[in-house]
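Asker: Sequence isn't available, so here's the structure alone:
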């Protein structure tokens, strides 16, 4: 089949499907007589993505395949169609999700250790119901806590192809602030990485920065 | 708003909506500051319809408004998306088919007599739909039951030139035990489905941080 | 070495301004018992009235401590530990009413950790291994740094374009969806096993059934019956296909005999040497009586669920 014949079929298939479709799934639409290979499909997908330039939708590749979606720029108008506001997620949920995404597989006690607070069962349940996380195993320690990992649905929801596309975890920031005087002599490597060793003695306090808070 | 600014919004709205939209409903997406009138929307709809030339979808006006729909021409490929996974034939069907193959022409009461149970109409219908069996005549007894025989399609399916190529009954009697055979079959589909959603290797390994987890 | 805790003072601002802005960009502000709370705490001392708000604004003591260090330049060494601890103890009492004892306990634990750090710092250091001794704050700082990374990661995730809020997937109408049902595959082997089963059950493997069945004859029987289906007489010779050769002719002849034996056809000849005719003994009944017989009863299914057996 010619690329030009393939394009309308693949465009229609992606728009007809309720889920993103992989190159493989798109390939299954054709039989031997159609004579279509995956390379052709990939080229068609590229062409279709290019065709979206300047339009209200874009062809996006996420974890479970390709999907057409509304461009972010026009979305504010589209949301006016729906009376229901999109759900907002609490910081507690997002922090827990971040720990699961970046540190998977991870148990609830491990999450609590890093966050310094108890993780509510509700948060775990909400994320499981949304199918963003799932139990991937159990840690072999007393109590056998469940190990959580993220799912394809999580990646799809956040417009990601794979976990590598998550924003990189930030560098560890030093705890010192400009007011603290540092000893000039080099510190042991470990200390440099881990902590600002504040010299004994009085620390000057600067109240000028206090108005940052408002 | 300029027509060129309107087009992406209206295109996205029509594709995002689960229902057809009227010019009036499309107008409701804009507020006063957007300064959009129904005449402009109508012109945009015309332009969007023209843009569909040669594509897999078309912009159609139906009773309750405008909607994008999959073009009739690409339907044959699109319907392949909703292919149902094949189930398996029941033991009852297999036995009935085997008896028809080896004892044709044979009537349903005769099959029932050998099997000791009633042969459901469903089974006969399923095999007729698959064109593996057909009525070859009727027996001259009360009720005139149909005589069934196998078809050329049946032979083709099993790659047989003629029924002679089926093993004789004596050989079947000495066939190995079914239990032994089934063990050699590939794993059931279920096991494959239970595999983790996240493909291996997608979990970012941040070796530098590994010791931070405690 | 210690300084007095700086009181966080609620600043009066028109309530409307706050009612409409429940969440602001960086840190949530709130109304405490009708009083707007503008300033975030400047150290670990939280006015009891504001405690509930603090518990909601911060994701726990690490978050609060991090805030104080980053925003208020609080030095964890500078905390009046005794004072804080005493105050936190009163929170515990307060928390009993609000049923959030667990949360308050986390803050109290933090105060305890700080107290421990401070006490260790105050003690004279052993003279040996001076350079190698770990700062007592190291563990807490490490935890704060680790927490901060994920706090930022959560903000990053929050900022990612996501479905519902920033985009939606789009679809076109398909019209009629005819689901294609794929017929199940069947192995010849499976079919033969089924036959073995039923033959065993019916005890058909008796000596009379064991004879080598001429299946080509059985096939031909069906074919002949089909040709004779029109309820009229057919010339005997017309039923043979010469091109099949001798074997084919024999098969056809045997099939005729078998059909006659099973009384499925009648063979007639007016007189000797006259043409022989064949006719099916029965033809299609007027009504589809066959289909009607057990349509009402469910009977055995044609398919099985793919997972069982």
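Answerer: Structure received. Given the structure is predicted, the values throughout are model-derived calculations rather than measurements. Numbering: from 1, shown residues only, chains lettered A, B, ... in the order given.
Asker: Show me the helices in chain A, by range?
Answerer: Secondary structure of chain A by DSSP state H: the helices cover A:3-16, A:23-27, A:38-51, A:75-78, A:91-103, A:108-115, A:121-129, A:152-157, A:189-194.
Asker: any idea which of these is most buried?
Answerer: Of all the helices of chain A, helix A:91-103 has the most neighbours on average by mean count of other CB atoms under 10 Å in any protein chain shown, namely a mean of 24. Quick note: C-beta positions are derived from backbone N, CA and C, even for glycine.
Asker: Other residues contacting it?
Answerer: The contact list for helix A:91-103 (CB atoms under 8 Å, 6 or more residues apart in numbering or on different chains) reads A:89, A:106, A:110-111, A:114-115, A:117, A:119-120, A:123-124, A:126-127, A:132-133, A:148-150, A:154, A:163, A:166, A:169, B:204, B:206, B:213, C:59, C:150-151, C:153-158.
Asker: Show me the strands in chain C, by range?
Answerer: Under the criterion DSSP state E, chain C carries strands at the ranges C:30-32, C:35-37, C:180-181, C:234-235, C:265-269, C:276-280, C:303-304.
Asker: Out of these, which gets nearest to residue A:12?
Answerer: strand C:180-181 (16.6 Å; CB to CB).
Asker: what about residue C:235, neighbour count?
Answerer: Per other CB atoms under 10 Å in any protein chain shown, the neighbour tally for residue C:235 reads 11.
Asker: whoops, I mixed them up, residue C:153
Answerer: Under the neighbour criterion other CB under 10 Å, residue C:153 is assigned a count of 23.
Asker: Excluding chain neighbours, what is closest to it?
Answerer: residue A:98 (3.9 Å; CB to CB, 6 or more residues apart in numbering or on different chains).
Asker: Chain neighbours aside, what residue packs nearest to the residue of the stretch 101-250 of chain C at minimum distance from chain B?
Answerer: Going by CB to the nearest CB, chain B is nearest to residue C:222 of the stretch 101-250 of chain C, at 2.9 Å. Nearest residue to residue C:222, sequence neighbours excluded (CB to CB, 6+ apart): residue B:149, at 2.9 Å.
Asker: Residue A:146 and residue A:138 touch, don't they?
Answerer: Yes: assessed by CB atoms under 8 Å, residue A:146 is found in contact with residue A:138 at 5.7 Å.
Asker: Comparing the two, which residue is more hemmed in?
Answerer: Neighbours of residue A:146 and residue A:138, each counted by other CB under 10 Å, are more numerous for residue A:146; the result is 16 against 13.
Asker: quick one, what contacts that one?
Answerer: A:107, A:108, A:135, A:137, A:138, A:139.
Asker: one more time with 10 Å, if that's ok
Answerer: By CB atoms under 10 Å, 6 or more residues apart in numbering or on different chains, residue A:146 lies in contact with A:105, A:106, A:107, A:108, A:124, A:134, A:135, A:136, A:137, A:138, A:139.
Asker: now residue C:266
Answerer: With contact set as CB under 10 Å, 6+ apart, residue C:266 has these partners: B:140, C:228, C:233, C:259, C:260, C:277, C:278, C:279, C:280, C:281.
Asker: and the gap between it and residue B:29?
Answerer: 80 Å (CB to CB, to the nearest Å).
Asker: picking that back up, now the strands of chain C as a markdown table including distance to residue A:1?
Answerer: Shown next, in a markdown table, are those (distance: least, CB to CB, whole Å):
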| stretch | distance to residue A:1 |
| --- | --- |
| strand C:30-32 | 62 |
| strand C:35-37 | 67 |
| strand C:180-181 | 20 |
| strand C:234-235 | 50 |
| strand C:265-269 | 53 |
| strand C:276-280 | 50 |
| strand C:303-304 | 34 |
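Asker: Kindly report which one of those strands carries the lowest mean pLDDT.
Answerer: With a mean of 48, strand C:30-32 has the lowest mean pLDDT of the strands of chain C.
Asker: Any regions of chain A where pLDDT drops low?
Answerer: A:175-214 (pLDDT under 70).
Asker: Just give me the neighbour total for the residue lying closest to residue C:276 once chain neighbours are set aside.
Answerer: Once flanking residues are discounted, residue C:276 sits nearest to residue C:236: 3.7 Å by CB to CB, 6+ apart. Neighbours of residue C:236 under the rule other CB under 10 Å: 16.
Asker: was I right about residue C:236 contacting residue C:278?
Answerer: Yes: taking CB atoms under 10 Å as the definition, residue C:236 is a contact partner of residue C:278 at 6.1 Å.
Asker: Please enumerate the shared neighbours of these two.
Answerer: With CB under 10 Å, 6+ apart as the test, residue C:236 and residue C:278 both reach C:256, C:267, C:268.
Asker: For the helices of chain A, please prepare TSV with the additional fields distance to residue C:175.
Answerer: Formatted as TSV, those follow (distance: least, CB to CB, whole Å):
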stretch	distance to residue C:175
helix A:3-16	9
helix A:23-27	20
helix A:38-51	22
helix A:75-78	24
helix A:91-103	39
helix A:108-115	48
helix A:121-129	33
helix A:152-157	26
helix A:189-194	63
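Asker: out of the ones you listed, nearest to residue C:162?
Answerer: helix A:152-157 (5.7 Å).
Asker: neighbouring contacts of that closest one?
Answerer: With CB under 10 Å, 6+ apart as the test, helix A:152-157 has contacts from A:19-20, A:60, A:62-65, A:67, A:97, A:100-101, A:127, A:130-134, A:151, A:160-163, A:165-166, B:196-199, B:202, C:157, C:160, C:162-164, C:169.
Asker: same thing but at 8 Å, please
Answerer: A:20, A:62-64, A:97, A:101, A:130-133, A:161-163, A:165, B:197-198, C:162-163.
Asker: Which of those residues fall in strands?
Answerer: A:62, A:133.
Asker: Mind checking which of the contacts of helix A:152-157 are buried?
Answerer: Among those, those classed as buried by 16 or more other CB atoms under 10 Å in any protein chain shown are A:20, A:62-64, A:97, A:101, A:130, A:132-133, A:162-163, B:197-198, C:162-163.
Asker: Just flag the most distant two among the residues you listed.
Answerer: It's A:20 and A:97 that sit farthest apart of the buried ones among the contacts of helix A:152-157, by CB to CB, at 20.9 Å.
Asker: what's the straight distance from one end of stretch A:27-36 to the other?
Answerer: One end of stretch A:27-36 to the other measures 7 Å (CA to CA, to the nearest Å).
Asker: wait, isn't residue C:184 in contact with residue B:88?
Answerer: Yes: with contact defined as CB under 8 Å, residue C:184 counts as touching residue B:88 (5.0 Å).
Asker: shaky segments in chain C?
Answerer: Counting by pLDDT under 70, chain C contains low-confidence residues at C:1-55, C:72, C:76-85, C:87-92, C:94-104, C:125-135, C:178-179, C:203-213, C:284-298, C:305-309.
Asker: run the last query once more with 90
Answerer: Of all residues in chain C, those with pLDDT under 90 make up the ranges C:1-145, C:173-233, C:236-309.
Asker: on that earlier part again, which residues are in contact with the residue of the stretch 101-250 of chain C closest to chain B?
Answerer: Listed by CB under 8 Å, 6+ apart, the contact partners of residue C:222 are B:104, B:105, B:136, B:137, B:147, B:149, B:150.
Asker: Weed out the non-buried ones from the shared contacts of residue C:236 and residue C:278.
Answerer: Using 16+ other CB under 10 Å, the buried ones in these are residue C:256.
Asker: Make a markdown table out of the shared contacts of residue C:236 and residue C:278 and add distance to residue A:52.
Answerer: Shown next, in a markdown table, are those (distance: CB to CB, whole Å):
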| residue | distance to residue A:52 |
| --- | --- |
| C:256 | 71 |
| C:267 | 76 |
| C:268 | 78 |
